[in-house]
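*Asks:* Please find the sequence and the predicted model below.
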Amino acid sequence: MIRVIDLHKHFGALKVLNGIDINIEQGEKVAVIGPSGSGKSTFLRCINLLEQPTAGQILFDESEITYYQPLGKVGLFFADKKIPKLNKNCDKQAAKLEVLNIKYNDIKNNSAINAETGVGSMPTSDMQDPDMDNVECILDKRIIGINKKIAKVTSNMTASRVASDSLAKRIEINDSVLGKPKVKINNIRKNMGMVFQHFNLFPHMTVLDNITAAPLDSIGYEVNKIISNADITKEFMAIPRPVALSKINPVGLSKEDYAIASKEYKAKKKVYNDAVRLLSTETRAELYAKIKPHALQLLARIGLTDKALAYPNTLSGGQKQRIAIIRALAMKPDVMLFDEPTSALDPEMVGEVLDLIKQLADEGMTMIIVTHEMGFAKEVATRVLFMDGGLIVEDAPPAELFDSPKNERLQSFLSKVL
């Protein structure tokens, strides 16, 4: 159902995802665990392109949804020119860093000597450098200044290296993206429900309007199809249009005849526009009449029918998150993506949200859940992924991953959270 191939994501100099490869089959419940900053949420947001990947492929039902703008001949030319400059700057910063490290060691050694003799030191009792191999000495202002320079040079060097790597990756994939059409991602997102950490309910809408907003927005295509097949549209399209559409007289009419023909056409167009507006309103009302009962059924499922006309600011955190879940379900998705759905909740509200997710799991919904709830992941998931450093370090069934972890980093992580 979902296939991810060599997925990378960079934010400037920061490499968040460093080559994710995974297949997720229909009906699987995949829990994603790992320390903060390991790339879990970014990975989830890349799946439905809320974050545009830097490189890699994502396929949904065998259709590729990732799209990269081809560089073209000019882009390739400048990319080839820029990479050597970035590499040269990287080498330059590395040379600076080497000089700064020598100065740093000299100052550190002098400070240590001064600390022993009591001569020439400038005491700052609340500062201690962790990189001085436990040498007890008093740091002076020169060490603080050199540390700042080292941090700046290191940052510049890293930025140049990442920019060079990113451009090289773009050149590498450029041939493969030429000629590929840009995907209509909103058509894909209809089949992917997304639940966020902080609910993201629209504060100016009632609960019922929040649930029906997406289905109503998605029926625009249906409304347009009904209008295009309506008799009024066929009659209007049959009216000769060259005179009215041209700003000049293209058929040799007199000014008077042209003015009359143009006026008649504009009058007919106004009648047609009014009729289309009415038909659109009536059609949307009919479709809304079908959507509303489904929304109320979803509210009844979580026991919040009485909150249909309430606004989000009157609800508890647990109620908001359950409504966020059924809002995603209103589109009848094939996959549900949960981004730490309980992280913003009080402990006593976590249970009611997890119970709803368990119900969906029991009904066979395909799910990917980023979570810190280890007990929940062990109970509900069919697979558990452990991420660290932008990579999937271990992928196993929950019993195997939690009871017999193979990776040392996973062993360390579980020892702290279980």
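*Replies:* Received, thanks.
*Asks:* give me the low-pLDDT residue ranges for the chain?
*Replies:* 67-77, 110-141, 169-170, 172-182, 220-222, 239-253 (pLDDT under 70).
*Asks:* what ranges do the strands span in it?
*Replies:* 2-11, 14-24, 29-33, 55-60, 63-64, 192-195, 335-339, 366-370, 383-388, 391-396 (DSSP state E).
*Asks:* now the last one and strand 2-11, what's the angle there?
*Replies:* Read that as strand 391-396. Calculated by axes from the mean of the first three to the mean of the last three C-alpha atoms, to 10 degrees, strand 391-396 forms an angle of 150 degrees with strand 2-11.
*Asks:* Strand 391-396 - contacts with which helices or strands?
*Replies:* Identification of packing neighbours for strand 391-396 by 3 or more C-beta pairs under 8 Å, 6 or more residues apart in numbering; DSSP states H and E yields strand 14-24, strand 383-388, helix 408-417. C-beta: built from backbone N, CA, C; applies to glycine.
*Asks:* returning to what we had before: would you turn the strands of the chain into JSON lines with mean neighbour count and distance to Leu216?
*Replies:* Shown next, in JSON lines, are these (neighbours: other C-beta atoms under 10 Å; distance: least, C-beta to C-beta, whole Å):
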{"stretch": "strand 2-11", "mean neighbour count": "19", "distance to Leu216": "27"}
{"stretch": "strand 14-24", "mean neighbour count": "18", "distance to Leu216": "30"}
{"stretch": "strand 29-33", "mean neighbour count": "25", "distance to Leu216": "30"}
{"stretch": "strand 55-60", "mean neighbour count": "19", "distance to Leu216": "24"}
{"stretch": "strand 63-64", "mean neighbour count": "12", "distance to Leu216": "26"}
{"stretch": "strand 192-195", "mean neighbour count": "23", "distance to Leu216": "16"}
{"stretch": "strand 335-339", "mean neighbour count": "23", "distance to Leu216": "21"}
{"stretch": "strand 366-370", "mean neighbour count": "24", "distance to Leu216": "25"}
{"stretch": "strand 383-388", "mean neighbour count": "23", "distance to Leu216": "35"}
{"stretch": "strand 391-396", "mean neighbour count": "18", "distance to Leu216": "38"}
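*Asks:* Now tabulate the helices and strands packed on strand 391-396 in JSON lines and tack on distance to Ser160.
*Replies:* Below are the helices and strands packed on strand 391-396 laid out as JSON lines (distance: least, C-beta to C-beta, whole Å):
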{"stretch": "strand 14-24", "distance to Ser160": "14"}
{"stretch": "strand 383-388", "distance to Ser160": "26"}
{"stretch": "helix 408-417", "distance to Ser160": "29"}
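*Asks:* quick one: contacts for the residue in the chain sticking out farthest from the centre?
*Replies:* Going by C-alpha atoms, centre = their mean, the residue of the chain most distant from its centre is Ser254, 60.4 Å out. Contact analysis of Ser254 by C-beta atoms under 8 Å, 6 or more residues apart in numbering lists nothing.
*Asks:* From Lys268, how far out is it?
*Replies:* Taking C-beta to C-beta, to the nearest Å as the measure, Ser254 falls 21 Å from Lys268.
*Asks:* wait, Ala324 sits on Asn200?
*Replies:* Yes - using C-beta atoms under 8 Å, Ala324 is in contact with Asn200, at 6.7 Å.
*Asks:* the more surrounded of these two?
*Replies:* Comparing Ala324 with Asn200 by other C-beta atoms under 10 Å, the one with more neighbours is Ala324, at 25 against 14.
*Asks:* Alright, that wraps it up for me.
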